[in-house]
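Enquirer: Model the structure of this input:
(chains A and B)
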Amino acid sequence: MRRITDAGELAPHYDLVVVGAGPAGLSAATEAAAAGASVLVADENLAPGGQIYRAVTRNTPEKQDFLGQDYWKGRAIAEAFSALAIDYAAATTVWNLDAAAGGEECASTGLTLGGVARMISARAVILATGAMERPMSVPGWTLPGVMSAGAAQIALKSVSGIPSGRIVLAGCGPLLYLLADQLLRAGAEIAALLDTADRKQRMAALRHLPDFLLSPYLAKGLSLLFSVRRQIKVISGVTQLAITGAGHAQSVRFQVGRRETTIAADCVLLHQGIIPGINLTSAAGCAIEWNDAQRAFQPRTDKHGRTSLSGLFSAGDGAGIGGAEHAAVSGRIAAVAALKDFGLLPPSEASSRLTELEKQRQVYRRGRAFLDALYRPARQFLAPSDPDTMVCRCEEVHAGTLRQVIALGVPGPNQLKTFLRCGMGPCQGRMCASTVTEIMAAERGISPAEIGTYRLRAPVKPLRLAELAALPQTPAAVFAVTGRALEHDSIEKKERTNDDTSHSDPHHAPRR
Amino acid sequence: MLLRIREPVEAVTFSFDGRSVTAARGDTLAAALLAAGVETFRDSVVGGEPRAPYCLMGVCFECLVTIDGVQNRQSCLVEVREGVVVYSQHGARLLTEGGQR
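Expert: The predicted model follows:
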């Protein structure tokens, strides 16, 4: 691995660009580099590992003994990645992705490193953007002292930090119990775990039980549940959750049946499962589809991760939730498929490798359907009924206002933006998209699949105008804006840029 | 607020709203601020409400701060560095140098 700390060290072209350095991205890059491809991995974080294996190269099993066995599986993945000749750009933001179009052969990735933007071309791009936590809009969730469970886990992994004071965990899903276990090992003070899981889902999950019984999740899950329940107060069947406090979380109010309870808390950690992070994939123009079992939108892919756009692949949890080990294998599958598509791997060799990898993947798929059904969030937490619940945190739009405007007959989430600026703040809808779709679906009594989600556009992450302006310009782009051809450059530079014209973005073609 | 349960290996010092903060090399700025006892990172743009990091993974944009004069930086994605000057943000940004009112 060659660590790139300056945009000037980036090559203008790679065989493969991988976005994300979690298990899927690292494994994809490793597979491709081992087969001889030139690879760039661009990742937002400071070190390889993604969220699940965050800081795995910095931590040690001796010092960070509270993280549990599964975490250290990331070590081998990061080491295999480090051993190969792969360009690795950490702390790098990818803000644009254009698939090859108009007779071009390469996709173009817009990224920023150290305050300098670059456009990188590649035969294929693997989007390994991972998952995000499904936002859990409840009254008071914007108060300081309220974080997602994933955030607490990141603090634990990245700085060995635990929330100070009394912690309340609330929501549903396996991660909530895993976090409780890790926090307990680290010596945190957990006041209670409020489980909001919908008990009716147990029946729905039952038909997937045989498959789950054969899965590696069974033993792990059971021991975790018992361990946590033995050590802290777990309250099931929680509804009407609300966090209150003056300028900071101070207490949590909830109901079990008809009984209302309030408990004191200094820190509240919310979680209701994870969903694919699709902003870049969707902005690139990849077709998106609704996964009803996982209750989330995901890119439409074939079994090898090919999206609807040629040369663009999606792997790992960003393509549909499957967990870390599934993600690693799916990254390898996408890499082999990409190399096969542009002729870097002979078809016979690629096919036998794909067969082998698909077999591995099957093992990690086992049990997922059971977990999806069992931990499907309760309706009231998908589409909050309390009108004062803030849904869009950036533009501060509440559930009640959303419902009123939806009742006016607004056709979809995109038109809500015009009315309310909902989803138009800095997070670009990441924190409200899922809730807006759910509320709209609930109000109309139709499936979220029919409602759809926000149309996303580049730049998908903030980019300074100065960076955009400093990008190397094609003569066609300059002509389009100024109406004049480049004149002052040296002949040599002209020749080079003229050559660039043939590969220029059709959107930048001269218009008169 | 975060409590560090392992001693930081190598100390780094920077400033936040004019006061000196000590962190560990390799920390993200957001985690370093939380571990230094900072509760509120900014006041929200519309309602002026206190906000702090929600996701710590680049998704929620609640951790926006001004770093060395550049506004709206996601502090959860930036590595803490010796001597950086960090300010919290209050309300909407202005198009002035550093965005300070």
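Enquirer: In terms of pLDDT, where does the closest residue to A:Glu189 other than its chain neighbours sit?
Expert: Once flanking residues are discounted, A:Glu189 sits nearest to A:Arg166: 5.7 Å by C-beta to C-beta, 6 or more residues apart in numbering or on different chains. All C-beta atoms are positioned from the backbone trio N, CA, C, and that covers glycine. pLDDT, A:Arg166: 98.
Enquirer: Ok, A:Ile126 next?
Expert: 98.
Enquirer: Distance check, it against chain B.
Expert: 19 Å (C-beta to the nearest C-beta, to the nearest Å).
Enquirer: which secondary structure elements does the helix or strand containing that residue contact?
Expert: Assigned by DSSP states H and E, A:Ile126 belongs to strand A:116-127. Under the contact criterion of 3 or more C-beta pairs under 8 Å, 6 or more residues apart in numbering or on different chains; DSSP states H and E, strand A:116-127 touches strand A:13-19, helix A:23-34, strand A:92-98, strand A:107-113, strand A:312-314, helix A:324-341, helix A:465-469.
Enquirer: Could you confirm whether the first one reaches chain B?
Expert: No: using C-beta under 8 Å from any C-beta of the partner chain, strand A:13-19 stays clear of chain B, coming no nearer than 12.7 Å.
Enquirer: So what angle separates the directions of that strand and helix A:324-341?
Expert: 160 degrees (axes from the mean of the first three to the mean of the last three C-alpha atoms, to 10 degrees).
Enquirer: The second one too?
Expert: For the pair helix A:23-34 and helix A:324-341, the angle between their directions (the same axes, to 10 degrees) equals 40 degrees.
Enquirer: Now the helices and strands packed on strand A:116-127 in CSV, please, with extra columns for mean pLDDT.
Expert: Output for these, formatted as CSV (pLDDT from 0 to 100):
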stretch, mean pLDDT
strand A:13-19, 98
helix A:23-34, 98
strand A:92-98, 97
strand A:107-113, 96
strand A:312-314, 98
helix A:324-341, 98
helix A:465-469, 88
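Enquirer: Name the next helix or strand downstream of the host helix or strand of A:Thr281, please.
Expert: Under the criterion of DSSP H and E, A:Thr281 resides in helix A:279-283. The helix or strand immediately downstream of helix A:279-283 is strand A:288-291, counting by DSSP H and E.
Enquirer: contacts for that following strand?
Expert: With C-beta atoms under 8 Å, 6 or more residues apart in numbering or on different chains as the test, strand A:288-291 has contacts from A:278, A:281-282, A:296-300, A:320, A:447-449, A:453.
Enquirer: what's the answer for stretch A:407-417, then?
Expert: In contact with stretch A:407-417 (C-beta under 8 Å, 6+ apart) are residues A:402, A:405-406, A:419, A:422-424, A:433, A:436-437, A:440, A:443, A:451-455.
Enquirer: now with 7 Å?
Expert: Residues outside stretch A:407-417 that contact it (C-beta atoms under 7 Å, 6 or more residues apart in numbering or on different chains): A:402, A:405, A:419, A:422-424, A:436-437, A:440, A:451-455.
Enquirer: Pull out the buried positions in that stretch.
Expert: A:410, A:412-413, A:416-417 (16 or more other C-beta atoms under 10 Å in any protein chain shown).
Enquirer: Same list, the helices and strands packed on strand A:116-127, but as a markdown table with distance to A:Arg75 and mean neighbour count please.
Expert: Below are the helices and strands packed on strand A:116-127 laid out as a markdown table (distance: least, C-beta to C-beta, whole Å; neighbours: other C-beta atoms under 10 Å in any protein chain shown):
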| stretch | distance to A:Arg75 | mean neighbour count |
| --- | --- | --- |
| strand A:13-19 | 20 | 25 |
| helix A:23-34 | 11 | 29 |
| strand A:92-98 | 23 | 23 |
| strand A:107-113 | 26 | 22 |
| strand A:312-314 | 26 | 29 |
| helix A:324-341 | 13 | 27 |
| helix A:465-469 | 35 | 12 |
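Enquirer: Compare those and report which one is nearest to B:Leu77.
Expert: B:Leu77 lies closest, by C-beta to C-beta, to one member of the helices and strands packed on strand A:116-127: strand A:92-98, at 7.6 Å.
Enquirer: by how many degrees do that closest one and strand A:116-127 diverge?
Expert: Using the same axes, to 10 degrees, strand A:92-98 lies at 70 degrees relative to strand A:116-127.
Enquirer: And strand A:92-98, how far out from the chain middle?
Expert: Distance, stretch centre to chain centre, for strand A:92-98: 14 Å (C-alpha atoms, centre = their mean, to the nearest Å).
Enquirer: pLDDT weak spots in chain B?
Expert: Across chain B, the ranges flagged by pLDDT under 70 are B:96-101.
Enquirer: residues from it in reach of chain A?
Expert: Counting by C-beta under 7 Å from any C-beta of the partner chain, chain B comes close to chain A at B:1-6, B:24, B:26-28, B:31, B:34-35, B:39-40, B:44, B:46-47, B:49-62, B:64, B:72, B:77, B:79.
Enquirer: is it true that A:Gly113 touches A:Thr92?
Expert: Wrong residue type there; residue A:113 is Leu, not Gly. Yes: at 4.5 Å, A:Leu113 and A:Thr92 qualify as touching, with contact defined as C-beta atoms under 7 Å.
Enquirer: Run through the residues of the stretch 351-500 of chain A sitting next to chain B.
Expert: Residues of the stretch 351-500 of chain A lying close to chain B by C-beta under 7 Å from any C-beta are A:393-396, A:426-427, A:430-431, A:462.
Enquirer: Any stretches of the stretch 401-512 of chain A with poor pLDDT?
Expert: Applying pLDDT under 70 to the stretch 401-512 of chain A flags the ranges A:486-512.
Enquirer: one step back: dump the helices and strands packed on strand A:116-127 into TSV; add distance to A:Tyr364 as well.
Expert: Output for those, formatted as TSV (distance: least, C-beta to C-beta, whole Å):
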stretch	distance to A:Tyr364
strand A:13-19	20
helix A:23-34	11
strand A:92-98	27
strand A:107-113	28
strand A:312-314	17
helix A:324-341	4
helix A:465-469	39
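Enquirer: quick revisit: give me the residues contacting the strand holding A:Ile126.
Expert: By C-beta under 7 Å, 6+ apart, the residues outside strand A:116-127 that reach it are A:7, A:10, A:12-19, A:28, A:40, A:97, A:105-111, A:280-281, A:311-315, A:318, A:334-335, A:338, A:341-342, A:463, A:467-468, A:470-471.
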